[in-house]
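In: Could you look at this predicted model? Sequence included:
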Amino acid sequence: RKQVEEQAVPAVSITKAKILEEVKAKEADQKPVLSLVVVGHVDAGKSTLMGRVLHELGETSDKEIFNYQRQSEKIGKGSFAYAWTFDAMEEERERGVTIDVAIDSFETTRRRFTLIDAPGHRDFIPNMISGAAQADAAVLVVDGSNGGFEKGFEGGGQTREHAVLVRSLGVQQLIVAVNKLDTVGWSQKRFEAIRESLQPFLTQTGFNPAKVAYVPVSAMSGENLTRRTSEVLESWFEGRSLVEELDSLDVPQRALEAPLRIPVSNVFKGQSATASGLAISGRIESGIVQVGEKLAALPGDETGVVRALEVEGELVPYALAGSNVTVYLSAIEANQLSVGSVLCPPSQPVPVASSFLAQIIVFEPQYPITAGYAVELFHHSRDIPATIVALEALLDKTTGQVTRSNPRMLTKNTSARIRVQLRQAASAGRTSGIPLEPFSVNKSMGRVLFRRGGETVAAGIVLEVLQ
Ligand code: GDP
């Protein structure tokens, strides 16, 4: 007998077509919601910056900050006060690093933001991947202090890898916060030098220069987050503040009419005012989900019924593409769901692949990629061992045209079409494969990343699911 929570499940109340109508009618008088990820080298000031932004926008009170300050002084990290609003987990506090992907939200004059905090520590890149895969825009924090920027940008610094990651996961809009400029007396020269180093790199990474903004800030003093007090900065900087930049971000188009896809980023025992029991959280990549709806969890053969839906702490009758949602499910067992499962309508299941064709950009792997190259394949929150079994063609990076068939190897900064095979049980099919779709069908389900030995070696899009 199945051990499931047997609680009443409300029936589906309206059709999705009706919901779409309702949504379009409402859209006009609501602030659009964007997901934002904050990335950058460790110690660049990400937590301090976002903690401070939340404070300036009135999301955290002076009293909270004071309490955090006191607690952090106790463990000898006084300057972490703002970061503390952010690093909620006890363990993180003791270690002074942000580990998990924490979510918070805030609003500016014209936009609402769901903040996905991405950790900066090298070991935590897989976490960052799941954060960045959910983001509409990114803030790249760089340390503008003397030597600070260089440390993060050259050698083993993470500035490059993070920028490449967010871009290859589909983020097009980037705000570069050049932080800690208080330490160099708000030097315009320093700011410009950093911009000149970053600009060609970001363009090469695939960012459209028109979608990249550079903002001089100090997370510590709060300068140029919402307002400017430094006369020196005022004398040469005429651009927008960080919050003004956030407020001006483009609102991405949501795939509301496409089949529902919710990649699961967390499975837990949930608890809310009216719902408890098995819950998952994740971002709705496309479509609409509603209470009472039956959903399939892939890979696997199980279905569950949506008992309740929660968005930003509120119970809702339905939720739309672009929202980060908690779904309470009944009639399904916990072991049928895992991080990386995808929830979808049973009538429109996402293909579960064990082999696929991809078009990739090769980063800077230590050794060139040859046929038989073993990788960790990342897709949303899932990572799975795979092999690049065949190199089908080298492609021109800008036109995508084949420049050579069957290359012997792929060196850095090349583009190629490759065949990928999951390593375990090619035969186990639906239960062990990876749910993904061609990029041409569903953009956010069609992006993949390849890592090996702790470095990201390539990223790309799915062209075709083979098996
Ligand atoms: P994260 O690892 O990127 O989250 O960085 P943190 O927010 O933890 O900050 C790293 C260190 O830089 C801390 O000691 C902060 O107090 C310090 N810091 C952050 N922002 C600024 C700033 O604008 N100016 C100065 N002088 N120090 C800063």
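Out: Perfect, thanks for sending it. Numbers count the residues shown, from 1 in each chain.
In: Show me which positions of the longest helix along the chain end up buried.
Out: Counting residues, the longest helix in the chain under DSSP state H turns out to be helix 188-205. Within helix 188-205, the residues that qualify as buried are 188, 190-191, 194-195, 197-198, 202, 205, counting by 16 or more other C-beta atoms under 10 Å. The way it works is simple: take the backbone N, C-alpha and C, and place the C-beta from them, glycine included.
In: Might you list the low-confidence residue ranges for this structure?
Out: The model of the chain has pLDDT under 70 over residues 1-9, 60-103, 117-134, 169, 271-276, 397-400, 425-431.
In: residue ranges for the helices of it, please.
Out: All helices of the chain, identified by DSSP H, fall at 16-27, 46-56, 62-74, 81-86, 90-95, 125-132, 148-153, 159-168, 188-205, 231-236, 242-247.
In: on that earlier part again, so which of the buried residues of helix 188-205 reach the ligand?
Out: By C-beta under 6 Å from any ligand atom, no member of those lies near the ligand.
In: Quick one: neighbours of the closest residue to Val251 other than its chain neighbours, just the number.
Out: Spatially, and ignoring its direct neighbours in sequence, Val251 is nearest to Pro32 (4.2 Å; C-beta to C-beta, 6 or more residues apart in numbering). By the criterion of other C-beta atoms under 10 Å, Pro32 has 16 neighbours.
In: Same check on Ser405?
Out: Using other C-beta under 10 Å, Ser405 has 10 neighbouring residues.
In: Settle this for me: Val38 is touching Met50, isn't it.
Out: Yes. Counting by C-beta atoms under 8 Å, Met50 is a contact partner of Val38 at 5.5 Å.
In: what number of residues lie near the residue nearest to Leu233 when sequence neighbours are not counted?
Out: Of all residues not flanking Leu233 in the chain, Trp186 sits nearest, at 4.5 Å (C-beta to C-beta, 6+ apart). Neighbourhood size, Trp186 [other C-beta under 10 Å]: 23.
In: which residues sit in contact with Trp186?
Out: Residues in contact with Trp186 (C-beta atoms under 8 Å, 6 or more residues apart in numbering) are 216, 223, 230, 232-233.
In: By neighbours, which of the residues you listed wins?
Out: Pro216 (30 neighbours).
In: List the beta-bridge partners for that one.
Out: Listed by DSSP bridges, the beta-bridge partners for Pro216 are Val178.
In: so who does it touch?
Out: The neighbours of Pro216, taking C-beta under 8 Å, 6+ apart as the test, are 144, 178, 181, 186, 191, 224, 233, 237.
In: I'd guessed Ala135 sits against Val166; true?
Out: Yes. With contact defined as C-beta under 8 Å, Ala135 reaches Val166; the gap is 6.9 Å.
In: These two: which is more packed in?
Out: Shown here are Ala135 and Val166; by other C-beta under 10 Å, Val166 has more neighbours (28 against 25).
In: hang on, isn't the more buried one packed against Leu174?
Out: Yes. At 7.2 Å, Val166 counts as touching Leu174 under the criterion of C-beta under 8 Å.
In: which residues do those two both contact?
Out: Counting by C-beta under 8 Å, 6+ apart, the residues touching both Val166 and Leu174 are 138, 140.
In: Which strand in this protein has the most residues?
Out: With secondary structure taken from DSSP state E, the chain has its longest strand at strand 382-395.
In: ok, Asn224 to Ser145 distance?
Out: Counting by C-beta to C-beta, to the nearest Å, the gap from Asn224 to Ser145 is 16 Å.
In: Which one's more surrounded, the two?
Out: The neighbour comparison of Asn224 against Ser145 (other C-beta under 10 Å) goes to Asn224, with 26 against 18.
In: any idea how far that one lies from the ligand?
Out: From Asn224 across to the ligand, the span is 10 Å (C-beta to the nearest ligand atom, to the nearest Å).
In: Tell me the spacing between that residue and Leu140.
Out: Asn224 sits 16 Å away from Leu140, going by C-beta to C-beta.
In: Same check on Ser440?
Out: Distance from Ser440 to Leu140, counting by C-beta to C-beta: 29 Å.
In: just Ile14 next, same as before
Out: Distance from Ile14 to Leu140, counting by C-beta to C-beta: 42 Å.
In: The two: which is more packed in?
Out: Neighbours were counted for Ile14 and for Leu140 using other C-beta under 10 Å; Leu140 has more, 27 against 13.
In: so that one sits right up against Arg160, yeah?
Out: No. Contact criterion C-beta under 8 Å: Leu140 and Arg160 do not qualify, at 10.3 Å.
In: Would you map the strands across the stretch 351-467 of the chain?
Out: Here the stretch 351-467 of the chain has its strands, by DSSP state E, counting those that start in this stretch, at 352-353, 355-362, 369-370, 373-379, 382-395, 402-405, 409-410, 415-422, 434-435, 447-452, 455-465.
In: Go through those strands and pick out the most buried.
Out: Highest mean neighbour count among the strands of the stretch 351-467 of the chain (mean count of other C-beta atoms under 10 Å): strand 434-435, with a mean of 26.
In: What pairs with that one, parallel or antiparallel?
Out: Counting by DSSP bridges, the strands paired with strand 434-435 are strand 352-353 (antiparallel).
In: Quick one: distance of the strand it pairs with to the chain centre.
Out: Computed by C-alpha atoms, centre = their mean, to the nearest Å, the separation of strand 352-353 from the middle of its chain amounts to 22 Å.
In: Please apply the same query to stretch 187-196.
Out: On C-alpha atoms, centre = their mean, the centre of stretch 187-196 falls 28 Å from the chain's centre.
In: and the stretch 151-300 of the chain, which of its residues are near the ligand?
Out: 179-180, 182-183, 218-220.
In: By neighbour count, which of those residues wins?
Out: Asn179 (28 neighbours).
In: what's it in contact with, if anything?
Out: Residues near Asn179 by C-beta under 8 Å, 6+ apart: 44-45, 49, 141-144, 217-219.
In: want to try a markdown table for those residues, with distance to Pro209 as columns?
Out: Shown next, in a markdown table, are these (distance: C-beta to C-beta, whole Å):
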| residue | distance to Pro209 |
| --- | --- |
| Ala44 | 22 |
| Gly45 | 24 |
| Leu49 | 23 |
| Val141 | 19 |
| Val142 | 17 |
| Asp143 | 22 |
| Gly144 | 20 |
| Val217 | 20 |
| Ser218 | 25 |
| Ala219 | 25 |
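In: Just the buried residues of those.
Out: When the contacts of Asn179 are checked for burial by 16+ other C-beta under 10 Å, the buried set is 44-45, 49, 141-144, 217-219.
In: mind listing what Ala255 touches?
Out: The contact partners of Ala255, by C-beta under 8 Å, 6+ apart, come to 285-287, 321, 442-444.
In: swap that for Val178, please
Out: Residues near Val178 by C-beta under 8 Å, 6+ apart: 142, 144, 149, 191, 194-195, 214-217.
In: do the same with Glu302
Out: Residues in contact with Glu302, defined by C-beta under 8 Å, 6+ apart, are 296, 332-333, 336-337.
In: repeat that with 6 Å
Out: Shown in contact with Glu302 (C-beta atoms under 6 Å, 6 or more residues apart in numbering): 332, 336.
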